[in-house]
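1. Sequence plus predicted model, see below.
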Amino acid sequence: MAERTGGERDPDREPPDEPPDVPSGPEATPESAAGQRRETLDSPLPEKVRRRVVSLTGDALGALTVAELPVPLRQYARFTPQRRTKFGGNAMAAALAGDAAFRQRIAGRLRESLPELAEAV
């Protein structure tokens, strides 16, 4: 079977381009059974923004304890911030997207270290 390149789509295997019939935005987000709001992005971050977010996460990661880190990121905790970003960037991005508690911890560290940026956002 021939491999597909990045630009080709297999309509039988990939979801359609149109979003599911689910409301979006923070005020329309459904509540989970545990009572926590589930956050979703309307679209992926632009690549430059994603790299900057991952870089800031790599810097903040060193201030967290091993217990505060998602399991996939624990192996990167002992790396320098630059090496964390280089080798753990995808894992950090996935953890930020899927783990609200981790996202809150990183946001708290960034508020402490970069108050001007936090205030602007």
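-> Good, I have the coordinates. Just so you know, these numbers come straight off a predicted model, no measurement behind them. Residues are numbered from 1 along each chain as shown.

2. backbone phi and psi for Leu69, please?
-> Main-chain torsions, Leu69, degrees, to the nearest 10: phi -90, psi 140.

3. Other residues contacting the helix or strand of the chain with the lowest mean pLDDT?
-> In the chain, the helix or strand scored least confidently by mean pLDDT, DSSP states H and E is helix 115-120, which has a mean of 83. Under the contact criterion Cβ atoms under 8 Å, 6 or more residues apart in numbering, helix 115-120 has outside partners 107, 110-111. Just so you know, the C-beta spots here come from the backbone N, C-alpha and C atoms, and that holds for glycine as well.

4. pull the CA atoms of it into PDB?
-> Extracted in PDB, the C-alpha atoms of helix 115-120 (Å, rounded to 0.1, in the frame of the first residue of the first chain):
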ATOM      1  CA  PRO A 115       3.900  39.900  35.400                       C
ATOM      2  CA  GLU A 116       3.800  42.400  32.500                       C
ATOM      3  CA  LEU A 117       3.100  39.600  29.900                       C
ATOM      4  CA  ALA A 118       0.400  38.000  32.200                       C
ATOM      5  CA  GLU A 119      -1.200  41.400  32.600                       C
ATOM      6  CA  ALA A 120      -1.200  42.100  28.800                       C
END
